[in-house]
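Asks: Generate coordinates for the sequence data below:
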Amino acid sequence: MNSQKSWILCCFFNFLIACVFGLLMRLMYLFPLDFLNYSFLLHAHSHVAMLGWVYLIVYVLVVHFFIPKEKSQKPIYNRLFWLTEFSVVGMMIAFPIQGYALFSIVFSTMHILLSYVFCRLVWKDCSKDKSPSQRLLLTSILFMVLSTFGVWCLGPAVSTLGKQSAFYQIAIQFFLHFQFNGWFILAILALFLKQFQNKIDEVKFKKFYFLIIVSTLLTVCFPVRWFVEDDVLSYINVLGVLIQLMAFIYFYKMLKPQISDFKNTLNKTTKIVYGLALCSLFLKVGIQLLTLFPNLAEVSHQIRNFVIGFIHLTTLGIITGFLFGILLQNKMLSVHSRILKIGVKCFILGYIATEVLLFLQGWFFFFGEGTLPGYFQSILILSILLVLGLFLMMSSIIKRKSYCHSS
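Replies: Numbers count the residues shown, from 1 in each chain. Prediction:
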């Protein structure tokens, strides 16, 4: 159990660093920091957030919930965790200094190879029940492996056609799409379903499961359409988005009979966090429905604020929301700690406020209104709440860890 506490602390440390990188990027809009390169920082921010926070905390929770006790105690899991963290720290240092270059590529490749080892272990050690949550988890792992094909195409794409080519851009989008919508979201939903003690309705689950896989495969056409002029891709995406809507209707129906019992087992902070995650999830589905309108689909990737807002909706709202909820519900974070509660509220406030600003600014650009007054100052100040929230949550984990050691 102690190694697990160190793991969780380590994941929060990565998340804090990723947020600090994000804060520095927002600072650079107001004060040019000559010693920092914006695009290098951006690579550092996104890699550490995805691979250091989301990937590793999912690793921790998958080992905790899906790997039988006697197997999860094997030294291989601990070694693999710290090796993966080593690759993340490598990226943390290399990206801000050199951007995409030798060392950062070495560390990110190392991360992918270690993730294959993790896939193999989970596939082998997973308890042998064929529960809905388990099927979802194993599917998410297949999507993770599929997403990495995009990364392996980057080398050939650069050497043959160059970084500006459609092939290169599509390879990146392929990786991101299946990482976020395939691996991360399905793994999070698998972990969430694992929290429901009662049996889940198999019939409704099968419909949800089939529809979510089909929609994940079809909606990859959306980012591809940015680089390939073909209306067929738009039609396939429309179909994918509608299927996704149906999938989440079944998801809701499947959980509806258990929702009130489930809510009664949760304390107030956990309820708030899960509420945030579910609202963000339905917002994401709603925003994807808006892209059915061709002119909105067109601007969705041209207006940078929309892009960042949407990425943050997925990573901070849905993924992090569910992760915080699961950690709190299972007392892996100290639910009664006052510092923790303040930290969680700070984080949520920072998340909601920065999202509102990002989307509002996006709409201003869409209607040709220019920049919101005081936009850069406001978003910088509100982003401090995210960093402060994480800092407080980390202090609570450290405090609890030292308390457990002394007792």
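
Asks: what helix or strand is the residue nearest to residue 30 when sequence neighbours are not counted on?
Replies: Setting aside the residues directly before and after it, residue 30 is nearest to residue 376 in space (C-beta to C-beta, 6 or more residues apart in numbering), at 5.4 Å. (C-beta placed from N, C-alpha, C; glycine too.) Assessed by DSSP states H and E, residue 376 sits inside helix 375-406.

Asks: What helices and strands are in contact with that helix?
Replies: If contacts are counted by 3 or more C-beta pairs under 8 Å, 6 or more residues apart in numbering; DSSP states H and E, helix 375-406 sits against helix 2-28, helix 338-366.

Asks: what packs against the shortest one?
Replies: Under the contact definition 3+ C-beta pairs under 8 Å, 6+ apart, helix 2-28 sits against helix 38-47, helix 55-66, helix 75-98, helix 375-406.

Asks: The longest one: which residues count as buried?
Replies: Taking 16 or more other C-beta atoms under 10 Å as the basis for neighbour counts, the residues of helix 375-406 that come out buried are 375-376, 379-380, 382-383, 385-394, 396-397, 400-401.

Asks: And the helices and strands packed on helix 2-28, which one averages the lowest pLDDT?
Replies: Least confident of the helices and strands packed on helix 2-28, judged by mean pLDDT, is helix 375-406 with a mean of 87.

Asks: For residue 103, which non-adjacent residue is spatially closest?
Replies: residue 94 (4.0 Å).

Asks: Can you get me a residue count around the one you found?
Replies: Burial measure for residue 94: 23 neighbouring residues, criterion other C-beta atoms under 10 Å.

Asks: do residue 78 as well
Replies: Residue 78: 16 surrounding residues under other C-beta under 10 Å.

Asks: nearest residue to it other than its sequence neighbours?
Replies: Residue nearest to residue 78 in three dimensions, not counting chain neighbours: residue 3, with 5.3 Å by C-beta to C-beta, 6+ apart.

Asks: So for the one you found, what's the pLDDT?
Replies: At residue 3, the predicted lDDT confidence score is 78.

Asks: roughly how far apart are it and residue 82?
Replies: According to C-beta to C-beta, to the nearest Å, residue 3 stands 9 Å off from residue 82.

Asks: Quick check on the two: which one has the bigger neighbour count.
Replies: More neighbours surround residue 3 than the other of residue 3 and residue 82, with 15 against 12 (other C-beta under 10 Å).

Asks: list the helices and strands the longest helix along the chain packs on?
Replies: Taking DSSP state H as the criterion, the chain has its longest helix at helix 231-264. Helices and strands touching helix 231-264, as assessed by 3+ C-beta pairs under 8 Å, 6+ apart, comprise helix 202-218, helix 221-225, helix 268-290, helix 294-299.

Asks: List the buried residues for stretch 287-297?
Replies: With burial defined by 16+ other C-beta under 10 Å, the residues of stretch 287-297 counted as buried are 287-288, 291, 297.

Asks: how far does it sit from the chain's center?
Replies: Averaging C-alpha coordinates over stretch 287-297 and over its chain gives two centres that are 22 Å apart (C-alpha atoms, centre = their mean, to the nearest Å).

Asks: go on, stretch 196-204?
Replies: Per C-alpha atoms, centre = their mean, the centroid offset for stretch 196-204 relative to its chain is 25 Å.

Asks: just stretch 240-248 next, same as before
Replies: 20 Å.

Asks: can you check stretch 259-279 too?
Replies: The chain centroid and the centroid of stretch 259-279 are separated by 20 Å, computed with C-alpha atoms, centre = their mean.

Asks: Figure out the length between the terminal residues of it.
Replies: One end of stretch 259-279 to the other measures 15 Å (C-alpha to C-alpha, to the nearest Å).

Asks: just stretch 211-228 next, same as before
Replies: Separation of the first and last residues of stretch 211-228 by C-alpha to C-alpha is 26 Å.

Asks: list the contacts for residue 17?
Replies: Contacts of residue 17 were listed using C-beta atoms under 8 Å, 6 or more residues apart in numbering, and they are 48, 52, 92.

Asks: Tell me how many other residues surround residue 199.
Replies: 10.

Asks: and it, helix, strand or coil?
Replies: The local conformation at residue 199, judged by DSSP: H, G, I helix; E, B strand; the rest coil, is coil.

Asks: circling back to that earlier point, of the buried residues of stretch 287-297, closest to residue 360?
Replies: Within the buried residues of stretch 287-297, proximity to residue 360 (C-beta to C-beta) peaks at residue 287, which comes in at 14.4 Å.

Asks: For the closest residue in space to residue 283 that isn't next to it in sequence, give me its contacts.
Replies: Nearest-residue entry for residue 283: residue 313, 6.2 Å, with adjacent residues in sequence omitted and distances by C-beta to C-beta, 6+ apart. Counting by C-beta under 8 Å, 6+ apart, residue 313 makes contact with 280, 283-284, 287, 355.

Asks: Can you flag the buried ones in the contacts of residue 17?
Replies: 48, 52, 92.

Asks: what sits against the first one?
Replies: Contacts for residue 48 (C-beta under 8 Å, 6+ apart) come out as 14, 17-18, 21, 88, 91-92, 95.

Asks: one more time with 7 Å, if that's ok
Replies: Taking C-beta atoms under 7 Å, 6 or more residues apart in numbering as the contact definition, residue 48 lies against 14, 17-18, 21, 88, 91-92.

Asks: can you check the second one too?
Replies: Contacts were defined as C-beta under 7 Å, 6+ apart; by that measure residue 52 touches 14, 18, 88.

Asks: one more time with 10 Å, if that's ok
Replies: Residue 52 is in contact with 10-11, 13-18, 84-85, 87-89, 91-92, 111, counting by C-beta atoms under 10 Å, 6 or more residues apart in numbering.
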